[in-house]
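Engineer: Would you be able to build a 3D model of this:
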Amino acid sequence: MFSFITPDTKQYRANLHSHSTLSDGRLTPEELVKAYREAGYSILAITDHEAPYDHTDLSTPEFLLLTGYEAYIRPSHTCAYDPYKAEVHLNLLAKDPHNVGIVGYDPHFCKYMPQELAQQRPHLGELGPRRYYQAYIQEFIDDAILGGYLVAYNHPCWSMEAEEAVLSYEGCYSVEVFNTGSQCINGYESNMALYDKFLRRGKFLYLHGADDNHNHKPFGDLLCDSFGAWTQVLAKDLTYASVIEALEKGWFYASTGPTITNLTFAGGHVTLDCTPAQRIIAHSSPKKTWNVYNPDGSPLTHAEFDLPEGTPYVYFSVLTADGKAAHTHAFRPEEFRK
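Structural biologist: Numbering: from 1, shown residues only. So this is what the prediction gives:
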């Protein structure tokens with residue numbers, strides 16, 4: 001038997017991708033902490049553009065700050081933004097809370113952090129100029145990992161990269177399947193179809209949700225980019241080391257609403273419990289799924305599945321009547337057949 005989640009599992013709501021006044025956000029780090037703490041979150045990573053700062057002095061026993069930043073690579077050597085060209089954005093979370101190294105330092109891209117400060121930061125990997133092609137991007141990811149960062153691929157839809165390029169990168173621990181900010185811009189930043197393509201290539205990444213909030217709209221506005229998507233982190237406790245361990249080992253799932261309260265595997269039999277949902281799905285390919293729902297449309301909170309021999313992987317979705325969802329990462333046969 002293997003239990004991914006039990007009713008006793010600690011779950012910490014996290015926003016792993018956010019921006020403050022230290023780059024192009026409208027709220028200070030202190031204001032972000034206050035807002036997310038009051039909204040019921042326990043973990044916040046302030047990942048300003050090319051601006052790694054150690055915010056752990058804002059942590060409390062009930063609210064944890066993760067150190068990190070968002071790195072990006074564009075076709076323009078001067079970092080000029082072009083809404084009609086592809087680019088790469090990577091979320092870098094530091095395993096060491098005091099790691100503020102900059103990967104591939106290029107002053108054109110490190111435009112938000114004062115240059116004097118940026119030049120004092122540890123510089124990791126090959127220094128600029130940035131070059132937008134696959135081999136360089138892969139080298140950048142490798143350098144970030146060697147430099148002590150967990151690397152995630154941000155908002156694949158918004159980034160507009162060719163699918164073959166996205167699927168080629170190695171070393172990312174997770175892909176952002178929900179992104180509130182991009183959803184506010186384009187209305188469709190959900191990347192589960194892409195996630196399934198990773199799996200069919202044998203790439204068992206994890207998946208997460210985040211806001212990518214800049215807070216240019218006030219709280220409560222239709223296009224407010226806070227509190228729309230998050231990651232439920234299943235850490236042993238709310239310490240930096242435990243949360244990083246949970247992220248490295250895939251002890252988390254993505255959500256825009258539902259909470260999964262039990263997910264247990266026993267020899268191919270799966271039990272899942274959750275907050276009220278309209279439908280619960282087990283996926284083993286886009287063509288092969290198992291659905292549990294009530295024909296009368298009433299909500300359900302429990303589902304069981306029997307996975308046949310030969311099932312290559314399985315992940316689960318919990319969908320609500322108002323369009324909210326939670327997704328787990330994919331589990332391999334050696335996990336769900338214990």
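Engineer: Quick check: residue 106 touching residue 127?
Structural biologist: Yes: here residue 106 reaches residue 127: they are 7.0 Å apart, a contact under C-beta atoms under 8 Å. For the C-beta atoms, the positions are set from N, CA and C on the backbone; glycine is no exception.
Engineer: between the two, which one's more packed in?
Structural biologist: Neighbours around residue 106 and residue 127, counted as other C-beta atoms under 10 Å, are more numerous at residue 106. The numbers are 21 against 13.
Engineer: Quick one: the helices in the stretch 1-150 of the chain, in order.
Structural biologist: Per DSSP state H, counting those that start in this stretch, the stretch 1-150 of the chain has helices spanning 29-38, 115-120, 134-146. These are given in chain order.
Engineer: could I get the ones you listed as JSON lines with distance to residue 157?
Structural biologist: As requested, the helices of the stretch 1-150 of the chain are exported to JSON lines (distance: least, C-beta to C-beta, whole Å):
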{"stretch": "helix 29-38", "distance to residue 157": "24"}
{"stretch": "helix 115-120", "distance to residue 157": "30"}
{"stretch": "helix 134-146", "distance to residue 157": "18"}
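Engineer: between those helices, which gets nearest to residue 314?
Structural biologist: Nearest of these to residue 314, taken as C-beta to C-beta: helix 134-146 at 27.6 Å.
Engineer: three-state assignment of the residue of the chain positioned farthest from its centre?
Structural biologist: Among the residues of the chain, the one whose C-alpha is farthest from the average of all C-alpha positions is residue 296, by C-alpha atoms, centre = their mean at 34.6 Å. The assignment at residue 296 comes out as coil when based on DSSP: H, G, I helix; E, B strand; the rest coil.
Engineer: got the domain boundaries for this structure?
Structural biologist: The chain is divided into the following domains under automatic domain parsing: 10-255, 260-336.
Engineer: circling back to that earlier point, how close does the residue farthest from the centre of the chain get to residue 276?
Structural biologist: With distances defined as C-beta to C-beta, to the nearest Å, the gap from residue 296 to residue 276 amounts to 14 Å.
Engineer: which residues of the chain score low on pLDDT?
Structural biologist: Across the chain, not a single residue meets the criterion (pLDDT under 70).
Engineer: switch the cut-off to 90
Structural biologist: 1, 126-128, 186-191, 334-338 (pLDDT under 90).
Engineer: can you tell me which residue is nearest the centre of it?
Structural biologist: Centroid check for the chain by C-alpha atoms, centre = their mean gives residue 208 as the closest residue, at 3.3 Å.
Engineer: So that one versus residue 298, what's the distance?
Structural biologist: In this structure, residue 208 and residue 298 are separated by 31 Å, where distance is defined by C-beta to C-beta.
Engineer: repeat for residue 241
Structural biologist: Distance, residue 241 to residue 298, using C-beta to C-beta: 43 Å.
Engineer: Between the two, which is the more surrounded one?
Structural biologist: Summary of the neighbour comparison: residue 241 and residue 298, criterion other C-beta under 10 Å, with residue 241 having more neighbours (13 against 10).
Engineer: Surely residue 301 and residue 271 touch.
Structural biologist: No: with contact defined as C-beta under 8 Å, residue 301 does not reach residue 271; the gap is 11.7 Å.
Engineer: Residue 322: neighbour count?
Structural biologist: One way to gauge burial is a neighbour count; for residue 322, by other C-beta under 10 Å, it gives 7.
Engineer: Which secondary structure element is home to it?
Structural biologist: Per DSSP states H and E, residue 322 falls between elements, in no helix or strand.
Engineer: how about it, what does it touch?
Structural biologist: For residue 322, the set of contacting residues under the criterion of C-beta atoms under 8 Å, 6 or more residues apart in numbering consists of residue 257.
Engineer: And the helices in the stretch 151-300 of the chain?
Structural biologist: Along the stretch 151-300 of the chain, the segments classed as helices by DSSP H, counting those that start in this stretch run 156-159, 163-168, 180-186, 192-200, 240-249.
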